[in-house]
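1. Return a 3D structure for these sequence lines:
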Amino acid sequence: MLSVSTRKQIPQVSRTLALLVLATSLGACSWLGVGGEDGWLRDRQGEYLRAEITPPMQIPAELDSYTIDELYYIPEEAPGDRALYIVPPAPKPIDSRVREGVVVQRFGERAWIVIGATSGQVWPRLRDYWSTEEVALSRENAERGVLETVWLPQADTDVRHKYQVRVEPGLHAGNSEIYVRHVSDTGESAPDEPATFPEESDSQERENTILASISLYLADRTDLYRASSVSMLAGSIEAQGKARVISEGAGDTRLELRLDLERAWSQLNQAINNANIEVLDADRDALRFQVAFSGTEDEEEPGFFGRLFGGGDDEEVMNFDVTVSETDGAIIVRAVPASGQPAPYEQDLLIRTINDNLI
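-> Residues are numbered from 1 along each chain as shown. Below you'll find the predicted structure:
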C-alpha cells in the first residue's frame, strides 16, 4: 500500500514525463521534416505574397478546358495604390431585405437582373457564364464590376456584336443588379479597340436574349450563395445599397435613393402598394403622394382573441404627404403629416416601411 507522500508524488512525476514526451515529439517532428521553418506544419502566412505567376496550362484543343478555367482573375497591375491582396474588403453589412432567387426587373424599355447575392459572389459566376458559352473576354474590371466580350461575328455578314455586362449594388445591401449592353459595327474598328457602349443597346432584342440567358444560368447555380466562392476584387465594389434611410433627429427621417427620377418614382409607387398603404392621391408633376398610414408595424388582421379583447378596433389613421426631390445627384423622399402636427414616430415608421418594401 502506497503512503500518502508517495501518492502525492505520482501526479508530479506524470506531469514531468508528459512534458518530456511532448518536447521529444516536437523535436522529432522537426527532425522528421514535419515542423520547423521548412516542415509540413510550418507557418504559411504571407507566402502567397511571394508566389510566382506561372503561364496558363495549355490544354489540347480536343479536350474540354472549362473545368480549369481561371475563375479568379488576377490583373496585371493592381488598380490604384491599395494593397488589394493584403487587406481584405470590409465585411458586408447584414440586411434582412436580401431577396431570394434571380428576377428580371423591367421598367419601360430597360431591364436588369436582381439577385440576392453580393457582387463578390456574382462576379466569378458571370465569368463562368462566358466560359460556358465559349466566348472570350476582351477586358474585365472587377473593381468596377464590368466585363466586355470580344467582337463576335454574325454568320454570312460583315456585322459584329459586342456585349458589356455590369454588376452594381442593388437597392439593399446584399443584393446585386446586373445590366447588359449591346453594340454592333461592320468591322470598321480594330479588334483590340475599346468599344463605346451607348445608354441604350443597339439591339434591344439581343440585350434581352443575353439577359435572359444569364438569369437562367445564375438561377441554376446552387453554389452561388456559398461564402467560399467569392471574388476579393469584385468584393471591393461598394457594398452600400442604392436605398438608404437617414435619420437626424425626431421627425427628420428621410429616404435617399441613388436612382434616376423616373425609376425612383416607379419604385416608390410599387413599394407603397406592396406595403398596403392607402394612396389618396398621386401627382407625378408635383412629385408627391398623399397617403393614409395607420402607424402600425403589423398590418395583418387580429386573431380571435385580439378581436375579443379589443384588438380589432380601428387604429388611428394619419394622412401624410410623401414628397420626392432631387438633391446632389440623389432622390430624397420625405413624409410630412398633412395636419401640420408633429408625429415623429409615425413619420419615421412610414419612411422605413416604404424602404423595406422596395424591390
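
2. Please count neighbours and contacts with C-alpha atoms only from this point.
-> Will do.

3. low-scoring stretches of the stretch 151-300 of the chain, by residue?
-> Within the stretch 151-300 of the chain, the stretches falling below the threshold (pLDDT under 70) are 191-192, 222-239, 296-300.

4. Would you map the helices across it?
-> The residue ranges that make up the helices of the stretch 151-300 of the chain, judged by DSSP state H, counting those that start in this stretch, are 204-219, 261-274.

5. The first one - contacts with which helices or strands?
-> Right, the one you point to is helix 204-219. strand 102-107, strand 110-115, helix 119-132, strand 176-185 (3 or more C-alpha pairs under 8 Å, 6 or more residues apart in numbering; DSSP states H and E).

6. quick check: domain ranges of this protein?
-> For the chain, the domain assignment from automatic domain parsing gives the residue ranges 71-236, 243-305+315-356.

7. can you give me the end-to-end distance of the shortest one?
-> Domain 243-305+315-356 has an end-to-end distance of 10 Å (criterion: C-alpha to C-alpha, to the nearest Å).

8. do the same with stretch 135-151
-> When the end residues of stretch 135-151 are compared by C-alpha to C-alpha, they are separated by 10 Å.

9. Would you mind listing the buried residues in it?
-> Taking 16 or more other C-alpha atoms under 10 Å as the basis for neighbour counts, the residues of stretch 135-151 that come out buried are Leu137, Glu140, Ala142, Glu143, Gly145, Val146, Leu147, Glu148, Thr149, Val150, Trp151.

10. on that earlier part again, please name whichever of the helices of the stretch 151-300 of the chain is nearest to Arg110.
-> With C-alpha to C-alpha as the criterion, Arg110 lies closest to helix 204-219 of these, at 8.9 Å.

11. What are the buried residues along the closest one?
-> Across helix 204-219, burial judged by 16+ other C-alpha under 10 Å covers Arg206, Glu207, Asn208, Ile210, Leu211, Ala212, Ile214, Ser215, Tyr217, Leu218.

12. Over to stretch 252-270?
-> Of the residues in stretch 252-270, those with enough neighbours to count as buried (16+ other C-alpha under 10 Å) are 253-259, 261, 264-265, 267-269.

13. What of stretch 276-283?
-> By neighbour count, and taking 16+ other C-alpha under 10 Å as the criterion, the buried residues in stretch 276-283 are Ile277, Val279.

14. what does that stretch contact?
-> Here stretch 276-283 makes contact (C-alpha atoms under 8 Å, 6 or more residues apart in numbering) with Ile272, Arg288, Phe289, Gln290, Val291, Ala292, Phe293.

15. Turn these into TSV, including distance to Lys242 and neighbour count.
-> Below are these laid out as TSV (distance: C-alpha to C-alpha, whole Å; neighbours: other C-alpha atoms under 10 Å):
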residue	distance to Lys242	neighbour count
Ile272	18	20
Arg288	21	19
Phe289	21	22
Gln290	24	20
Val291	24	23
Ala292	26	19
Phe293	25	20
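
16. what's the farthest-apart pair in the residues you listed?
-> Maximum distance among these (C-alpha to C-alpha): 15.2 Å, for Arg288 and Phe293.

17. picking up where we left off before, of the buried residues of stretch 252-270, closest to Gln341?
-> Ranking these by separation from Gln341, with C-alpha to C-alpha as the measure, puts Thr253 on top at 15.7 Å.

18. who does that closest one bridge with?
-> Partner residues in beta bridges with Thr253, using DSSP bridges, are Ser247.

19. And for Gln290?
-> Listed by DSSP bridges, the beta-bridge partners for Gln290 are Asp281, Asp321.

20. show me what contacts it?
-> Neighbouring residues of Gln290 by C-alpha under 8 Å, 6+ apart: Val279, Leu280, Asp281, Ala282, Asn319, Phe320, Asp321, Val322.

21. Among those residues, which pair sits farthest apart?
-> Using C-alpha to C-alpha, these reach their maximum pairwise distance at Ala282 and Asn319, which is 13.1 Å.

22. Just the residues contacting stretch 338-349, thanks.
-> 250-254, 295, 297, 318-321, 335-337.

23. Mind checking which of these are buried?
-> Of the members of those, the ones counted as buried by neighbours, 16+ other C-alpha under 10 Å, are Gly251, Thr253, Arg254, Gly295, Met318, Asn319, Phe320, Asp321, Ala335, Val336, Pro337.
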